[in-house]
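Novice: Need a 3D model of the sequence below.
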Amino acid sequence: MTDISASLSGFRAGWRKIDRAWAAIPLGLLLIGLIAPEALRPVTTQMAESFISTLPFLLFAVLATAYLRAANAEGLVAKAFTGKPARMVVLAALVGGLSPFCSCQVIPFIAALLAMGAPLPAVMAFWLASPLMDPPMFAITTGALGLDFAIAKSIAAVGIGLFGGFGVMALARSAVFADPLRPDGMAGKSSCCSKKSPFGERPVWAFWREEGRAPIFRKSFVENGLFLGKWLLLAYLLEAAMLRWVPAEAIGGLLGGGGAGGLGSILLAATLGAPAYLNGYAAAPLAAGLIEQGMNPGAAMSFLIAGGVTCIPAAVAVYSLVRPRVFTAYFGFAVAGAVIAGLAYSALG
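Specialist: Numbers count the residues shown, from 1 in each chain. Alright, predicted model coming up:
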């Protein structure tokens, strides 16, 4: 009996040491191989291609964070997100609304900002606005849905950033946003506030010339690279599976036709758009087709915004950085903002 108890205790201890994200990737591929062997290769290829396309952003963020950590310059970068909180939220929303990143590509940059101590309201504003609009998407949206729709979506992108940023500011003292970062995440490992630098407050830009700094660079690079890499791989595995078995047309079919309109269709569009994968460039022509079938343009706006910010691949990566209550707030701001944008466009359109 004692041996059995000891074995169970050892098994539980070993299980707790297993990294769930790393384990989920091969298990997911194994499950696909068992259930649908013909899909294993295309899903794996899609996952790899998506990860490789994001790799330059990932390497830049990880290298920048490791460099700033080794040079003891994280505080200087964090100061770029200081000043009057309202001004920082506005700037973050405006910059986010113009940045050329999709909802997954923005994750490494958000992780780096959190690691450098940037205030959560400004980060939330950037986080929400960034994946919704960029110059190429504006052009594609204009071609598919018209200039008015593209301008409205651009305004909605900045607006949802402001909504989330000022919402976090208003609730900053609540328990929801107290200690928002996961202790085992990238930000938790690299935060300039986590512990005092052994080198004092002076940044050394040529850090490799000073003894003891190069190991800090290597450790930060490896830890943060592995952390972000595993979550992005898992996110892209989910993305590839959803593209194969849950195509956007299937989701759109629930909203197209039938003269859907009003609050009910907008709420449904936001609800379906949130978990459904939508590539922003492919989504615009899809939305145009749904509008031709009788879909309320306001519902189309809500669908595009909710899907862009909170698709499952991006949500998985976001969830890896912050505590569940902060993630819930992020998701709530996104869906509520999508509904508000849909209602406003429907009323003014």
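Novice: measure residue 299 to residue 345 for me?
Specialist: Per Cβ to Cβ, to the nearest Å, residue 299 is found 9 Å from residue 345. Just so you know, the C-beta spots here come from the backbone N, C-alpha and C atoms, and that holds for glycine as well.
Novice: of these two, who's got more company?
Specialist: Between residue 299 and residue 345, counted using other Cβ atoms under 10 Å, the more crowded position is residue 299 (32 against 24).
Novice: could you say which helix or strand contains the more buried one?
Specialist: helix 297-310 (DSSP states H and E).
Novice: can you give me the offset of that helix from its chain's centre?
Specialist: Centroid separation between helix 297-310 and its chain, computed with Cα atoms, centre = their mean, to the nearest Å, is 16 Å.
Novice: What helices and strands are in contact with it?
Specialist: When contacts are defined as 3 or more Cβ pairs under 8 Å, 6 or more residues apart in numbering; DSSP states H and E, helix 297-310 sits against helix 147-170, helix 262-273, helix 280-292, helix 324-348.
Novice: Residue 48 sits in which helix or strand?
Specialist: Counting by DSSP H and E, the element that carries residue 48 is helix 37-70.
Novice: Now do that helix: which elements does it pack against?
Specialist: Contacts defined by 3+ Cβ pairs under 8 Å, 6+ apart place helix 37-70 against helix 20-35, helix 74-78, helix 106-115, helix 186-190, helix 214-245.
Novice: burial of residue 57, as a residue count?
Specialist: Neighbour tally, residue 57, other Cβ under 10 Å: 19.
Novice: pLDDT value on it, please?
Specialist: For residue 57, the pLDDT comes out at 77.
Novice: go on, the one 5 residues further on?
Specialist: What the model reports for residue 62 is a pLDDT of 82.
Novice: wait, doesn't it sit right on residue 227?
Specialist: No. The criterion here is Cβ atoms under 8 Å, and residue 62 misses it with residue 227 at 9.0 Å.
Novice: Lowest average confidence across the helices and strands packed on helix 297-310, which one?
Specialist: Averaging pLDDT over each of the helices and strands packed on helix 297-310 puts helix 280-292 lowest, since it has a mean of 73.
Novice: What separation do you get for residue 179 and residue 332?
Specialist: Here residue 179 is placed at a distance of 19 Å from residue 332 (Cβ to Cβ).
Novice: ok, the two, which is more surrounded?
Specialist: More crowded of residue 179 and residue 332, by other Cβ under 10 Å: residue 332, with 13 against 10.
Novice: Check the gap between that one and residue 322 for me.
Specialist: Distance, residue 332 to residue 322, by Cβ to Cβ: 13 Å.
Novice: So which bits of stretch 143-155 are buried?
Specialist: For stretch 143-155, the neighbour count (16 or more other Cβ atoms under 10 Å) marks 144, 145, 149, 150, 152, 153, 154 as buried.
Novice: What would it look like as PDB? C-alpha coordinates only.
Specialist: What follows is stretch 143-155, C-alpha atoms only, in PDB (Å, rounded to 0.1, in the frame of the first residue of the first chain):
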ATOM      1  CA  GLY A 143     -12.200  46.900 -52.700                       C
ATOM      2  CA  ALA A 144     -14.600  44.400 -51.200                       C
ATOM      3  CA  LEU A 145     -16.900  46.500 -49.000                       C
ATOM      4  CA  GLY A 146     -16.300  50.100 -50.100                       C
ATOM      5  CA  LEU A 147     -14.400  53.000 -48.800                       C
ATOM      6  CA  ASP A 148     -17.100  53.900 -46.200                       C
ATOM      7  CA  PHE A 149     -16.900  50.500 -44.600                       C
ATOM      8  CA  ALA A 150     -13.000  50.500 -44.600                       C
ATOM      9  CA  ILE A 151     -13.000  54.000 -42.900                       C
ATOM     10  CA  ALA A 152     -15.600  52.800 -40.400                       C
ATOM     11  CA  LYS A 153     -13.600  49.700 -39.500                       C
ATOM     12  CA  SER A 154     -10.500  51.900 -39.100                       C
ATOM     13  CA  ILE A 155     -12.300  54.100 -36.700                       C
END
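Novice: hmm, who's touching it?
Specialist: Outside stretch 143-155, the residues that touch it by Cβ atoms under 8 Å, 6 or more residues apart in numbering are 97, 132-133, 138, 141-142, 284-285, 287-288, 291, 297, 300-301, 304-305, 341, 345, 348-349.
Novice: how about 10 Å then?
Specialist: Outside stretch 143-155, the residues that touch it by Cβ atoms under 10 Å, 6 or more residues apart in numbering are 97-98, 129, 132-134, 137-142, 159, 280-289, 291, 297-298, 300-301, 304-305, 308, 341, 344-345, 348-349.
Novice: returning to what we had before: nearest to residue 271, out of the helices and strands packed on helix 37-70?
Specialist: Relative to residue 271, the nearest member of the helices and strands packed on helix 37-70 by Cβ to Cβ is helix 214-245, separated by 16.2 Å.
Novice: ok now the closest one, how far from the chain's centre?
Specialist: Put simply, helix 214-245 sits 13 Å off its chain's centre (Cα atoms, centre = their mean).
Novice: Does anything pack onto it? Which helices or strands?
Specialist: For helix 214-245, the elements it packs on are helix 20-35, helix 37-70, helix 106-115, helix 186-190, helix 312-319, judged by 3 or more Cβ pairs under 10 Å, 6 or more residues apart in numbering; DSSP states H and E.
Novice: any chance of those helices in a markdown table, plus distance to residue 171?
Specialist: Formatted as a markdown table, the helices and strands packed on helix 214-245 follow (distance: least, Cβ to Cβ, whole Å):
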| stretch | distance to residue 171 |
| --- | --- |
| helix 20-35 | 29 |
| helix 37-70 | 28 |
| helix 106-115 | 18 |
| helix 186-190 | 20 |
| helix 312-319 | 18 |
